[in-house]
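**Q** have a look; sequence and predicted model below, questions after that.
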Amino acid sequence: MADDLDRLLDEVERRLCHRRGGGGQEQPAAAKEGRSAKVLMSAGSNEEDLDDIIDEICNDSSFTKTPPKLKSNSASLTPERNSVVVQAHGKRCCPVYLGGSLSPSGIGTNISKRACDRLRCTACDFRVSLFNDYVWDQSCDYLFFRNNMPELSKLRAKMIKKKGARAYACQCSWRSIDELTDLQTEQQLRWVCGKHGE
């Protein structure tokens, strides 16, 4: 099944490259063997529909369009052009810092060490919540966060008030931080900066 899918994708890529003028590239394995990806498909699928879909993809005019321009931070001589352009990417912290409630928040850099307030967990795909002037109780466990995130009313049951600290949590991990800490020192956490808006 996986080989059939790979051959079908190779066929689509070959057709797409051929339309763009890249026909001099190496032929995919299915073409070398003198077979089409259509032959490799199961008898129960509608081959004509798939060919139509592939042709539609190849004929799609969005492939020939240029990518949208990104918003520039510098001043432009044509402000009316900048008003139409949409910012595609936000800024990220590098490196990412965690910190207590007394640490400044925002975009962290090597020069401006700030605790990131836009963290996202790559393990559970949840936004990391942070609570100023609280720490997590020692009895916290994975199931507590899995069942109660992000409902603050349920989380309060295991939060302890502590001035200057900050409690971080997603659905699978949690930390209590008192001072500015580089996230790289916390190897078991799979948190990343989730982009800051301007």
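**A** Cool, the structure landed. The structure displayed is predicted, hence computed values, not measured ones.

**Q** mean pLDDT per helix and strand in the protein: which one sits at the bottom?
**A** Lowest on mean pLDDT, DSSP states H and E among the helices and strands of the chain sits helix 79-84, with a mean of 35.

**Q** please put the alpha-carbon coordinates of the helix or strand hosting Phe145 into CSV.
**A** For Phe145, the element it lies in under DSSP states H and E is helix 142-148. Only the C-alpha atoms of helix 142-148 are listed here, as CSV (Å, rounded to 0.1, in the frame of the first residue of the first chain):
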residue,chain,number,x,y,z
TYR,A,142,-0.1,13.8,34.6
LEU,A,143,-3.8,12.8,34.9
PHE,A,144,-4.6,15.9,36.9
PHE,A,145,-3.5,18.1,34.1
ARG,A,146,-4.8,15.9,31.4
ASN,A,147,-8.3,16.0,32.9
ASN,A,148,-8.4,19.6,34.1
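
**Q** may I see the buried residues of the strand ranked longest in the chain?
**A** The residue-count maximum for a strand in the chain (DSSP state E) belongs to strand 159-169. The neighbour-count check on strand 159-169 (16 or more other Cβ atoms under 10 Å) flags 159, 165-169 as buried. C-beta here means a position set from N, CA and C on the backbone, and glycine is covered the same way.

**Q** out of those residues, who's nearest Gly106?
**A** Nearest to Gly106, judged by Cβ to Cβ, of the buried residues of strand 159-169 is Arg166 at 14.0 Å.

**Q** could you measure from that closest one over to Arg15?
**A** For Arg166, the distance to Arg15 equals 54 Å [Cβ to Cβ, to the nearest Å].

**Q** and Val192, by the same measure?
**A** 37 Å.

**Q** and what of Asp117?
**A** 47 Å.

**Q** okay, these two: which has more neighbours?
**A** Neighbours were counted for Asp117 and for Arg15 using other Cβ atoms under 10 Å; Asp117 has more, 18 against 15.

**Q** then the longest helix anywhere in the chain to CSV, C-alphas only?
**A** Longest helix of the chain, by residue count under DSSP state H: helix 2-19. Extracted in CSV, the C-alpha atoms of helix 2-19 (Å, rounded to 0.1, in the frame of the first residue of the first chain):
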residue,chain,number,x,y,z
ALA,A,2,2.8,2.5,0.9
ASP,A,3,4.7,1.6,-2.2
ASP,A,4,1.6,2.2,-4.3
LEU,A,5,1.1,5.6,-2.7
ASP,A,6,4.7,6.5,-3.3
ARG,A,7,4.4,5.6,-6.9
LEU,A,8,1.3,7.6,-7.3
LEU,A,9,2.9,10.7,-5.7
ASP,A,10,5.9,10.2,-8.0
GLU,A,11,3.6,10.2,-11.0
VAL,A,12,1.9,13.4,-9.8
GLU,A,13,5.3,15.0,-9.2
ARG,A,14,6.5,13.9,-12.7
ARG,A,15,3.5,15.4,-14.4
LEU,A,16,3.8,18.6,-12.4
CYS,A,17,7.5,19.0,-13.2
HIS,A,18,6.8,18.1,-16.8
ARG,A,19,4.3,21.0,-17.1
